[in-house]
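> only geometry, no sequence info:
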């Protein structure tokens, strides 16, 4: 009788231990689920239009990342370059209606920026004005600013060309959803983590 009571007590103690383990695992799993849900809620949501955009980007050979003094003549194997030698100083982010030196914006690419080049025969200000609302709608990068530089570039292969370090996407017309998708996917992914 005493043996049976002890066995029953051991079984009861084992059940309590098992139940406590199940409860502890449930609490841990719930905490992890809550943390993951919170983390996901902090990621900026894409618009449905952006999520449906099919990227047509392609990789471009890395041409290195040496710095040279401003004004130095630089030649690149790929036009437009998405990597390579560049000036010591980068350009300010924003939308330009005049050309920006290539050696400056290649430095921006090294810092994880996105460059949007566009062709314009005579009315560069009008094209820049079309890009401005897209620029204003983009999320800030890791350093608290929109890391996009848009500028005219007469040697662009298409009307609009998106660049990130080692990546290119050609656009026949300005497509805000594709610009946003390229930006979200590749901003802050250059070889140097800097503003």
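Great, that's in hand. Values in this document were obtained by computation on a predicted structure and should not be read as measured data.
> Three-state assignment for residue 131, please.
The three-state label given to residue 131 by DSSP: H, G, I helix; E, B strand; the rest coil is helix.
> quick one: residues contacting it.
Contacts of residue 131 were listed using Cβ atoms under 8 Å, 6 or more residues apart in numbering, and they are 95, 116, 118, 150, 174. Bear in mind the C-beta positions are built from the backbone N, C-alpha and C, glycine included.
> is it fair to say the second one lies in a helix?
I take that to be residue 116. No. Assessed by three-state DSSP, residue 116 does not belong to a helix; its assignment is strand.
> count of residues packed around the spatially closest residue to it that is not a sequence neighbour?
Distances taken as Cβ to Cβ, 6 or more residues apart in numbering place residue 150 nearest to residue 116, at 4.0 Å, with adjacent residues excluded. Using other Cβ atoms under 10 Å, residue 150 has 27 other residues around it.
> who's residue 150 bridged to?
Residue 150 forms beta bridges with residue 95, residue 116, as assigned by DSSP bridges.
> wait, it touches residue 118, no?
Yes. The pair residue 150 / residue 118 is scored as a contact, 6.8 Å apart, by Cβ atoms under 8 Å.
> please enumerate the strands of this structure.
58-59, 67-68, 86-87, 94-95, 114-118, 148-152, 160-164, 167-171 (DSSP state E).
> to residue 187, which of these lies closest?
Ranking these by proximity to residue 187 (Cβ to Cβ) places strand 114-118 first, at 5.7 Å.
> give me the distance between the closest one and the centre of its chain.
14 Å (Cα atoms, centre = their mean, to the nearest Å).
> relative to strand 167-171, how tilted is it?
30 degrees (axes from the mean of the first three to the mean of the last three Cα atoms, to 10 degrees).
> and strand 114-118, what other elements does it pack with?
Helices and strands touching strand 114-118, by 3 or more Cβ pairs under 8 Å, 6 or more residues apart in numbering; DSSP states H and E, are helix 102-110, helix 124-137, strand 148-152, strand 160-164, helix 176-186.
> residue 162 and residue 195: what is the separation?
The gap separating residue 162 from residue 195 is 20 Å, by Cβ to Cβ, to the nearest Å.
> of those two, who's got more company?
Neighbour comparison, residue 162 and residue 195: the larger count goes to residue 162, with 27 against 15 (by other Cβ under 10 Å).
> now that one: how far from residue 94?
Residue 162 is 16 Å from residue 94, by Cβ to Cβ.
> now do residue 80
Taken as Cβ to Cβ, the span from residue 80 to residue 94 is 18 Å.
> coming back round to it: any of the contacts of residue 131 buried? List them.
Buried subset of these (neighbour count, 16 or more other Cβ atoms under 10 Å): 95, 116, 118, 150.
> which of those lies closest to residue 184?
Nearest to residue 184 among those, with distances taken as Cβ to Cβ, is residue 116, at 13.8 Å.
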